[in-house]
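Q: coordinates only, sequence not included:
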């Protein structure tokens, strides 16, 4: 019987020893699914991880909000430009009509008996220019001004000792600007520099 008790004691001791070792290792570390050791129930590690995740999410949110604001501003600018420059194509088509009216006025004034026609054309031109001005269209008529390649297209250069070099001596065709954007450059003759 004494031997039986000893054997039972050994059986009980063995599992306890195994359990103690296993629980000792389990208390120190546990592994996640990938087998990477992690601290178990460490409040400090959890708080740091949460703080990092919160900082990442906050950064991502701020970036998303900034992107949305940029998209909103871009869309607003595109809508404003669409309103401002919607008539640009129409204006390009109407400018030759204006040119023809100006030539008709010139021709009528040169004729002896066409005073009434010239007056009618002049009134039409005045009305037409007023309508263009209401739509934000400005005339570029640079006679006597310095040549500006951004607004003027030089058709020829001539010498003229009585005029300032690099200035516009004659305007062959007026230019037009729509809300600050050049629609058609003025065709000009420029005084050649000496």
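A: That came through fine. All values derive from a computational prediction rather than experimental measurement.

Q: Now do the most centrally placed residue in the chain against residue 89, distance only.
A: For the chain, residue 74 is the residue whose C-alpha lies nearest the centre (CA atoms, centre = their mean; 5.3 Å). Remark: distance between residue 74 and residue 89 (CB to CB, to the nearest Å) = 23 Å. All C-beta atoms are positioned from the backbone trio N, CA, C, and that covers glycine.

Q: do the same with residue 131
A: Residue 131 sits 17 Å away from residue 89, taking CB to CB as the criterion.

Q: For the helix or strand where residue 105 lies, what does the pLDDT average out to?
A: Using DSSP states H and E, residue 105 sits in helix 88-110. On average, the pLDDT along helix 88-110 is 79.

Q: what separates it from the chain centre, distance-wise?
A: Centre-to-centre, helix 88-110 and its host chain are 36 Å apart (CA atoms, centre = their mean, to the nearest Å).

Q: buried ones in that helix?
A: 91, 94-95, 98, 101-102, 104-105, 108 (16 or more other CB atoms under 10 Å).

Q: The helix or strand that that helix is followed by packs against which elements?
A: Next in sequence after helix 88-110, counting helices and strands by DSSP H and E, comes helix 115-134. Packing contacts for helix 115-134, counted by 3 or more CB pairs under 8 Å, 6 or more residues apart in numbering; DSSP states H and E, involve helix 88-110.

Q: Contacts for the helix it packs on next, please.
A: For helix 88-110, contacts defined as CB atoms under 8 Å, 6 or more residues apart in numbering pick out 114-115, 117-118, 121-122, 124-125, 128-129, 132, 135, 137, 173, 176, 178, 181, 183-184.

Q: of these, buried ones?
A: Buried among the contacts of helix 88-110 (16+ other CB under 10 Å): 114, 118, 121-122, 132, 137, 173, 176, 178, 183-184.

Q: what's near enough to touch residue 131?
A: Per CB under 8 Å, 6+ apart, neighbours of residue 131: none.

Q: Could you measure from it over to residue 62?
A: From residue 131 over to residue 62 (counting by CB to CB), the distance is 49 Å.

Q: try residue 80
A: Separation of residue 80 from residue 62 (CB to CB) stands at 27 Å.

Q: Run the chain-centre distance for stretch 149-157.
A: Distance of stretch 149-157 from the chain centroid (CA atoms, centre = their mean) equals 30 Å.

Q: Over to stretch 102-120?
A: That offset, for stretch 102-120, works out to 48 Å (CA atoms, centre = their mean).

Q: in this structure, which spans are strands?
A: In the chain, the strands defined using DSSP state E lie at 30-31, 37-38, 137-140, 152-158, 168-173, 175-178, 181-184, 186-191.
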